[in-house]
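[1] no sequence on hand, only this structure:
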Ligand SMILES: O=C(O)CCC(=O)C(=O)O
Ligand SMILES: [Fe+2]
């Protein structure tokens, strides 16, 4: 990652203090371009599938809530392995500084076509701590402010809008999964990203808790 000790500290401080941070140029542009090619390749092959909501048995497609198409990264291309490696490095730094006990990272490509959105939600339910920190890397070169598709982050207590983030190539947003309601506004242009979650281990001998 393009992480100097200073930017890493900024990220960690803001995560603790405000629950979120957006870091421009977090990932080298060349790598972002390769990730974008990877998702376009999947799209052309028909490998992107409508995203759902809920986990396990409760998983369902809900077009009134969420309209993106996704493909989980499985490390099957060089750039996927590289990105997973970067996130492993970030996981290490988060654990070292914040003692979060992060145990694994899962992520998927997401493609929002024109008109697609994701209504306001939390990525993890309280008490059911497994998704601890969310990450979104945007892959859209030359994104224009009037194209919509912003990520809007809200304050959990009073629902006030905290931030609007343009999905610009190379920008990495991290936020606390249980505390930060957020939504994706309808986009006017195709909008590509890699969305992922640092998880802590919820598994017991009796209850397996696989990543997906
Ligand atoms: O793409 C984004 O900006 C956020 C996506 C999101 O909230 C999610 O997939 O849970
Ligand atoms: Fe989300």
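    Arrived safely. Given the structure is predicted, the values throughout are model-derived calculations rather than measurements. Ligands and ions are numbered 1, 2, ... in the order given.
[2] apart from its neighbours in sequence, what residue is nearest the closest residue to ligand 1 within the chain?
    Here the chain gets closest to ligand 1 at one residue, residue 151, 3.6 Å apart by CB to the nearest ligand atom. No exception for glycine: its C-beta is placed from N, CA and C like everyone else's. With CB to CB, 6 or more residues apart in numbering as the criterion, residue 151 has its nearest non-adjacent residue at 4.3 Å, and that residue is residue 165.
[3] what about that neighbour, how many neighbours?
    Using other CB atoms under 10 Å, residue 165 is surrounded by 18 other residues.
[4] which residues touch the residue nearest to residue 122 when sequence neighbours are not counted?
    Nearest non-adjacent residue to residue 122, counting by CB to CB, 6+ apart: residue 181, 5.6 Å away. By CB atoms under 8 Å, 6 or more residues apart in numbering, the contact set of residue 181 is 120, 121, 122, 153, 154, 156, 159.
[5] now the second one: phi and psi?
    In other words, residue 121. Main-chain torsions, residue 121, degrees, to the nearest 10: phi -160, psi 170.
[6] so how far is residue 184 from it?
    10 Å (CB to CB, to the nearest Å).
[7] top helix in the protein by residue count?
    The residue-count maximum for a helix in the chain (DSSP state H) belongs to helix 78-98.
[8] what distance separates the very next helix or strand once past that one from the centre of its chain?
    Counting by DSSP states H and E, the next helix or strand C-terminal to helix 78-98 is strand 104-112. The chain centroid and the centroid of strand 104-112 are separated by 6 Å under CA atoms, centre = their mean, to the nearest Å.
[9] and what of stretch 7-21?
    Distance, centroid of stretch 7-21 to centroid of chain: 16 Å (CA atoms, centre = their mean).
[10] contact partners for residue 65?
    Contacts of residue 65 by CB under 8 Å, 6+ apart are 53, 118, 119, 121.
[11] please apply the same query to residue 32.
    Contacts of residue 32 by CB under 8 Å, 6+ apart are 137, 139, 169, 170.
[12] go with 10 Å
    Applying CB atoms under 10 Å, 6 or more residues apart in numbering to residue 32 gives the contacts 25-26, 79, 83, 137-141, 168-171, 192, 194.
[13] for it, give its distance to residue 141.
    8 Å.
[14] intersection of neighbour lists for those two?
    Joint contacts of residue 32 and residue 141 (CB under 10 Å, 6+ apart) are 168, 169, 170, 192.
[15] can you narrow those residues to ones near ligand 1?
    For ligand 1, no contacts are drawn from the shared contacts of residue 32 and residue 141 by CB under 6 Å from any ligand atom.
[16] since that was my last question, I'll sign off now.
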